[in-house]
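>>> Make a model of this:
(one chain, ligands or ions: 1)
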Amino acid sequence: MSYQIKKAAVIGSGVMGSGIAAHLANSGIATYLLDIVPSEVQPADAAKGWTKETPAFRSSIAAGALQKLLKQKPAPLTAKKNLALITPGNLEDDLEKLSEVDWVIEVIVENLEVKQQLFARIDNVVKAETIVTSNTSGISIEAMLDGRSESFKTHFLGTHFFNPPRYLKLLEVIPASTTKPEVVEFMKSFGEDVLGKGVVLAKDTPNFIANRIGTYGLLVTLREMQKRGFSVGEVDSVTGPVIGRPKSATFRTLDVVGLDTFLHVAKNVYDQTSGEEQEVFNPPAFLKQMVENKWLGAKSGQGFFVKK
Ligand code: NAD
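Residues are numbered from 1 along each chain as shown. The predicted model follows:
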């Protein structure tokens, strides 16, 4: 069977989902961007006359993410008009739309059980030949397939984009043991030829390649900083533009990634290692405290830096 992707759906419209939807639109692909229905009608929504049943309210998380794309720097869209290729929606009312698409990419919270529940719902609606992928930072691809149909298992793999998706060229492609070789080959060529990525095939090991090394490096840096009394500013100044990086590779990067997501990603390896290696993947207490305070980074307006 020969595969093609004309229409896609991105599920989860946060930091990465909105950026990936923008990158697909930049590549000319019509894309649904679906998120959950917000749990509460906020006073600002009520002032617009919205109730829990108002369609605009029900799809407001994804619609809000699209508006943010226009303001983000560096710009996620190559042209403002690409926004018209993205249709925002919500999983409750628009789940059936997944039967129209050739590719579904899951970009929700980094938690295996939550992802598995979502895949069970997707499995019920997609066509047998629809490719379904996860943007997980390092959860086992194989474990996501527990209980899924045969066609889902043969068309499922990891596609790990990097932040920000328009600018970072790396795309890790991670097959499960059940993924059809044709699907892996197709995703590799599609990633390179249509999305303009540099594709690296990775094995299904905790955090794959880039995040296994990257998370290790960041956690060692945080520990050394505490031990030696370096300041946030000092560390950022020597891991930023002065060594040829557009932004600091440490705290500004952590703010862009999201501190909650970073904790989940560290846990991916922590839970599957032991001894000295495991200790490295145990994040410092101050990071956990920041997440408890809801200082999540750029997405919440406050992380190591206050967003202006
Ligand atoms: P985020 O917190 O910014 O966004 C997650 C989005 O998913 C939110 O909009 C949330 O409402 C939605 N969501 C949560 N549960 C859902 C559900 N059950 N159904 C539908 N939507 C749901 O997270 P993010 O940083 O975009 O990360 C998403 C995924 O991408 C994670 O697996 C993460 O590990 C991975 N990732 C993140 C980065 C990064 O730099 N942040 C980079 C590469 C990969």
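>>> show me what contacts the residue nearest to R252 when sequence neighbours are not counted?
The shortest distance from R252 to any non-neighbouring residue, by C-beta to C-beta, 6 or more residues apart in numbering, is to D236 (6.1 Å). For glycine as for every other residue, the C-beta is placed from the backbone atoms N, C-alpha and C. D236 is in contact with 248, 250-252, counting by C-beta atoms under 8 Å, 6 or more residues apart in numbering.
>>> Tell me how many other residues crowd F156.
28 (other C-beta atoms under 10 Å).
>>> Repeat that for E113.
E113 is flanked by 7 other residues according to other C-beta under 10 Å.
>>> Export the contacts of D236 to CSV and append columns for neighbour count and distance to L95.
Shown next, in CSV, are those (neighbours: other C-beta atoms under 10 Å; distance: C-beta to C-beta, whole Å):
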residue, neighbour count, distance to L95
S248, 24, 40
T250, 22, 40
F251, 23, 39
R252, 21, 37
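>>> Tell me which two of the residues you listed sit farthest apart.
T250 and R252 (7.2 Å; C-beta to C-beta).
>>> closest to S60 among the contacts of D236?
Out of the contacts of D236, the member with the shortest distance to S60 (by C-beta to C-beta) is R252, at 29.0 Å.
>>> Please identify which helix or strand holds that closest one.
Under the criterion of DSSP states H and E, R252 resides in helix 251-257.
>>> Wondering if that helix reaches the ligand at all.
Yes - interface with the ligand: helix 251-257 contributes V257 (C-beta under 6 Å from any ligand atom).
>>> what about the helix or strand just after that helix, average pLDDT?
Downstream of helix 251-257, the next assigned helix or strand under DSSP H and E is helix 259-270. Averaging pLDDT along helix 259-270 yields 97.
>>> Mind giving me the packing neighbours of helix 259-270?
helix 210-228, helix 285-292 (3 or more C-beta pairs under 8 Å, 6 or more residues apart in numbering; DSSP states H and E).
>>> contacting residues for L85?
Counting by C-beta under 8 Å, 6+ apart, the residues that L85 touches are 24-25, 28-31.
>>> Which of the residues you listed are buried? Put it as a PyMOL command.
Selecting the buried subset of the contacts of L85 in PyMOL, with 16 or more other C-beta atoms under 10 Å as the burial test, is done by:
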select buried, resi 24+25+29+30+31
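>>> quick one: which of the contacts of L85 sit in strands?
Assigned to strands by DSSP state E, the following of the contacts of L85 qualify: 30-31.
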